[in-house]
Every structure is written in C-alpha cells, then in structure tokens.
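J.: fold the stuff below for me.
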Amino acid sequence: MSSRLDYRTGMHARRSRTLHMCNAEAVADSMESPLLGVLKDRELWLIYGNIVLYAVCFNLQAPVMPALTSSFGADARQYGTLMSLFALMQLVGGLVCGPLMDVNGPRWGFIVSFLSGAAAYGMTAIATSMPVLYLSRLPTAAQHAALAARIAVSAKASSPAAQAAFLGYISLAYSVGAIIGPVLGGSLAAHSLRTVSLVASGLSLLSAASIALCMAPTCCTTRNVASVVHDHTALTPAPAPPPPPPRNSKLSLSDFKRVATLRGVPSLLAAKSIMSLVLALFHGVFALAASTHFGLSPAATGAVLSGMSVITMVTQAVVIDWAIARFQPRAVFAFNAAAMALSLTGMAIAPTISTVLLCLVPLSVSSCVLSTLNTAQLNQAAEAGDRGSMNAIDMSVSSGVRVFSPALGTWTLYRFGFGAIGAAGAVLMTGLLMAMEWGARRSEAMHKQTRAA
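T.: Below is the predicted model:
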C-alpha cells in the first residue's frame, strides 16, 4: 500500500513538473521576439521575399504610366479612368479571393496572384492603344498577394503583438520593393516604356514558380501555435483554441456581414475609409501633378516615390514596434492623425514642390503607423477561419475608395490646384480625429455607468 502511494505521489510530481515545463515553454514562445521568429522560419522568408518582388513589379510602372498613357494620346481624364478601373477590379476581386483563400489556403492565393500579375503586365507591354491598356487591368482582379501574405503570417503568429509585428513586416517588405521599383522603372523607361512591363511580367512568373516549388500545400492553412499562456504560475497550460469550423467554397454575403459587424469592427472600417480616401486623393494625383504642375521627369518622380518608401520602411522597422510597445492604441492613433492633418495643412498653405517634399516625411510616417495599427486591430477582431474575409473587407475598403478617387483627385487638381488636395485631406483627418476621440470618451462614460450599476 505504501509503495503504491509513493508511486502515485511520484507520478503526480513528475506530471506537475512536466506541465510546469510545458507552461514555461509556452510562455517563452509567446515572449520570443517576432523578428527572431521570422529569421527561424523559412516559409516566412519566402513570403516576405515574394512580397518584395510583388512590390517591385507594381511600382516599376508607377513613374512611367502617365508617360505611357500620353503616348497613346490619352488625357488626364482617361488616366484617371484607368486608375479607377484597376481599383474596381481590386475591389471585386478582393471580395471573391478572400473567402477562397480561407478555403484553399494562402499558397493558392499567391500562385493565382502572381500569374494574374504576369498576365496584366504582359498585356501592358504589348498594348498599342488605350482600349488594350484598359483590358490589361482585368487580370488584376485576382492580384492579391498582400492579402495571401496577411492570412499566412497571421496563422503563424503566437500572440497579438507578434501578429501586429508580422503584419507590419509585410508593409516593410513591400516598402523595400517600392524603393527599388520606381527607381528601376525610371531607369528602364529611358530605354523603352514597354521594357518596364516586360520585366515586371518576368519577375511575377518567377514569384509564382518559387511559391509552387518551395511552399508546402498545407502551409499556413490553420493557426500553427497554441494560445498564449496568461497565468504564468498555473500548473496547467492554457487550452488550445478549437479549430475553426469547416468553410464551404460558396461566397456568402451573410459571412461578410457577420465579420464586418463584429465588436469594434464598424468603427475601425469607418476610420480606414476616411484614411484611405485622404491617401488615395494624394497618391492618386501625385505622379500626375509631379509632371504637369511641378515639372518633374519620370526619373525624378521615381526618386521621390522611392524616398517615400524609404521613410515607410524605416517606420515599419523602427517606429511602429516602439510606439505600440510604449503607448496605448488610442494615443498612437490621436498623435498620428494630428500629424497627418498638420502635414496636409502645410501642403494646402504652400503647394510648392519644396513644401510638398518637406511635408511628405511626417505624412508618410503617420499614415504608415495608422494603417498598420488599423489592420492589426481588424485581424485581432476576427477568428482564424475568418481572417481571409476580414482582410478582404479591409482591402476592399481601400480599393473601393480608389474607384472614384482618381477622377475626384484629377478634377480637384485641375479645377482648384494641388493645394486643394492637401486642404481636403486636412479637413477629413481633423474630422476623423474628433469623431474617434468623441467615441472613445463616450465608450468610457458608458463603461463607468455600467460598472456603477
């Protein structure tokens, strides 16, 4: 009898030590540096590397597209129509591809996206008129590598902080490509405008091949890491979250409605809409204004766009993690929204190229922080099986705004001048800041009343 009790006591002690070690390992995993997690994961390297190429391909054409449309005899209105058509394809395609990636996995999304990009850039290279250039925008409906990357890295994150960091690294990788793309595009344009699109098409095919050959079909299809342990002294590890319910491949508007109405999501999407409109008005006309109003060459425009990407890259690598770790999201939002409003006010008061370049620094930093923070909060609000739909809704907001913003931006530019773009953005950001602050204070008051009751 005594030996049996000793045996049970020993088993209990060993079980306790084992559970304690599991708990400690889970805590250590949750506290691991997100950057260290990236360095140790070959598939994350593959994802971020292809996002760099994805950004290079897209931004190769940014400084030369106004010149290409002009070579076909197109005016500013037709250029705006081309940009609006691209945004419309992104809007429709994003809403379709998001749920399909939830079903088929991000690997499928990457391959489809890169093949679609190769087709779009190839059609641009052989275009001889505006109708063919319009047709080249149709394949971009399936060009959603950034959406696939969001789903993939979210599945690999072990904590909300790691998820925000991994999502930020997507923007960091994109910024690297956005630095290389405009400069390379401006240089290739000196040889031939069509060469730019041919290079982009070839690089897209290279990305598709790398994903097909190097990424496992089951990569990132489910969340790979158990839930983070909250009680560091507990003897039992926190239970892993249940797997998401199986999803069918049918697209359902009710699924989008359910995801879009989750707690806190409507206000986040409203903020994203206003921020996207402000940035779309500015970025949609900057390349055009650089050549028509400020007299910059395609090479000079490409250099300015690359400079903006350098600022964004530094922000992603240094500023965002530092700000989120030290300040509450409300304070981060308020500071950066105010900084955006002041930067745009500077452009409105003195719309010269020197003032614009000076104001681009705080504008690029603040918009990058706000966009990353907003995206991270939306992903944290969704379950693992709904991340594709949530990211599709998130990205469709920006795409939906860009459907009409090029036409609105070009009309504003030629009717009132570049300063009006800055003034409109400053008013919108000031209104957003006041609305979000009012909503936060109202929520705090309601919470206090509930606790008092």
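J.: when you work out contacts or count neighbours from here on, use the C-alpha atoms and nothing else.
T.: OK.
J.: can you give me how far the helix or strand in which A280 is found is from the chain middle?
T.: Applying DSSP states H and E as the criterion places A280 in helix 265-292. Chain-centre distance of helix 265-292: 14 Å, with CA atoms, centre = their mean, to the nearest Å.
J.: other SSEs contacting it?
T.: helix 298-314, helix 353-381, helix 387-416, helix 418-452 (3 or more CA pairs under 8 Å, 6 or more residues apart in numbering; DSSP states H and E).
J.: what's the angle from the shortest one to helix 353-381?
T.: Computed by axes from the mean of the first three to the mean of the last three CA atoms, to 10 degrees, the angle separating helix 298-314 from helix 353-381 equals 40 degrees.
J.: check P351 and give its pLDDT.
T.: We have a pLDDT of 73 for P351.
J.: tally of neighbours for V64?
T.: 27 (other CA atoms under 10 Å).
J.: could you do the one 3 residues further on as well?
T.: A67 is surrounded by 17 other residues when neighbours are defined as other CA under 10 Å.
J.: how far does the helix or strand where it lies sit from the chain's center?
T.: Element membership of A67 [criterion: DSSP H and E] is helix 65-71. Remark: helix 65-71 is offset 28 Å from the chain centroid, using CA atoms, centre = their mean.
J.: next helix or strand past it?
T.: helix 76-104.
J.: pLDDT averaged over that next one - what is it?
T.: Here the average pLDDT along helix 76-104 is 84.
J.: quick one: low-confidence residue ranges for the stretch 101-250 of the chain.
T.: 157-161, 219-250 (pLDDT under 70).
J.: that one: helices as residue ranges?
T.: 106-126, 130-135, 145-156, 160-189, 193-214 (DSSP state H, counting those that start in this stretch).
J.: mean neighbour count and distance to L53 for those helices - can I get that in TSV?
T.: Converted to TSV, those look like this (neighbours: other CA atoms under 10 Å; distance: least, CA to CA, whole Å):
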stretch	mean neighbour count	distance to L53
helix 106-126	24	10
helix 130-135	17	22
helix 145-156	25	10
helix 160-189	24	6
helix 193-214	19	7
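J.: how about the ones you listed, which one is nearest Q316?
T.: Closest to Q316 of the helices of the stretch 101-250 of the chain is helix 160-189 (CA to CA; 5.4 Å).
J.: that closest one packs against which elements?
T.: Counting by 3+ CA pairs under 8 Å, 6+ apart, helix 160-189 packs on helix 34-39, helix 42-60, helix 145-156, helix 193-214, helix 298-314, helix 353-381.
J.: now the helix or strand just after the fifth one - C-alpha only, PDB.
T.: The reference is to helix 298-314. Sequence order places helix 320-326 as the next helix or strand after helix 298-314, per DSSP H and E. Below are the C-alpha coordinates for helix 320-326, written out as PDB (Å, rounded to 0.1, in the frame of the first residue of the first chain):
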ATOM      1  CA  ILE A 320       5.700  51.100 -35.100                       C
ATOM      2  CA  ASP A 321       7.000  48.400 -32.700                       C
ATOM      3  CA  TRP A 322       8.400  51.200 -30.500                       C
ATOM      4  CA  ALA A 323       5.100  53.200 -30.400                       C
ATOM      5  CA  ILE A 324       2.800  50.200 -29.900                       C
ATOM      6  CA  ALA A 325       5.000  48.800 -27.100                       C
ATOM      7  CA  ARG A 326       5.000  52.100 -25.100                       C
END
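J.: mind checking the pLDDT average for helix 320-326?
T.: 78.
J.: and it, how far out from the chain middle?
T.: 18 Å.
J.: pull out the buried positions in that helix.
T.: Across helix 320-326, burial judged by 16 or more other CA atoms under 10 Å covers I320, D321, I324.
J.: with stretch 61-72 instead?
T.: Q61, A62, P63, V64, M65, P66, A67, L68, T69.
J.: please convert these to a markdown table, extending it with distance to G80 and pLDDT.
T.: Below are those laid out as a markdown table (distance: CA to CA, whole Å; pLDDT from 0 to 100):
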| residue | distance to G80 | pLDDT |
| --- | --- | --- |
| Q61 | 15 | 80 |
| A62 | 13 | 74 |
| P63 | 15 | 73 |
| V64 | 15 | 78 |
| M65 | 11 | 82 |
| P66 | 10 | 79 |
| A67 | 13 | 81 |
| L68 | 13 | 85 |
| T69 | 10 | 87 |
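J.: from the residues you listed, which is closest to A407?
T.: Closest to A407, out of all of the buried residues of stretch 61-72 and judged by CA to CA, is P66, at 14.5 Å.
J.: ok now do the closest one, which residues does it touch?
T.: Counting by CA atoms under 8 Å, 6 or more residues apart in numbering, P66 makes contact with Y79, A287, L288.
J.: what does G346 give?
T.: T355, V356, C359, G422.
J.: per-residue confidence for it?
T.: At G346, the pLDDT value in this model is 91.
J.: next one: it from V361, what distance?
T.: Here G346 is placed at a distance of 12 Å from V361 (CA to CA, to the nearest Å).
J.: also G49?
T.: Counting by CA to CA, the separation of G49 from V361 is 26 Å.
J.: next: R330.
T.: 22 Å.
J.: contacting residues for the nearest residue to V278 once chain neighbours are set aside?
T.: Leaving out its chain neighbours, the residue that sits closest to V278 by CA to CA, 6 or more residues apart in numbering is G425, at 4.9 Å. Contacts here follow CA under 8 Å, 6+ apart; on that basis G425 touches V278, L279, L281, A341, L344.
J.: which of those residues has the largest number of neighbours?
T.: Neighbour-wise, these (other CA under 10 Å) top out at L344, 28 neighbours.
J.: my understanding was that that one contacts L357; is that so?
T.: No - using CA atoms under 8 Å, L344 is not in contact with L357; the gap is 11.5 Å.
J.: for G295, helix, strand, or coil?
T.: coil (DSSP: H, G, I helix; E, B strand; the rest coil).
J.: look at it and report its pLDDT.
T.: pLDDT, read off for G295, is 79.
J.: residue contacts, A87?
T.: S399, G400, V401, R402, V403.
J.: now do stretch 400-412, average pLDDT.
T.: Mean predicted confidence for stretch 400-412 is 84.
J.: which outside residues touch that stretch?
T.: Contact partners of stretch 400-412, identified using CA under 8 Å, 6+ apart, comprise 76-77, 80-81, 83-88, 91, 273, 276-277, 280-282, 284-285, 418, 420-421.
J.: just the buried residues of these.
T.: Among these, the ones that count as buried (16+ other CA under 10 Å) are 76, 80-81, 83-88, 91, 273, 276-277, 280-282, 284-285, 418, 420-421.
J.: is it possible to get a markdown table of the helices of the stretch 101-250 of the chain that adds distance to L100?
T.: Below are those laid out as a markdown table (distance: least, CA to CA, whole Å):
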| stretch | distance to L100 |
| --- | --- |
| helix 106-126 | 8 |
| helix 130-135 | 24 |
| helix 145-156 | 10 |
| helix 160-189 | 20 |
| helix 193-214 | 18 |
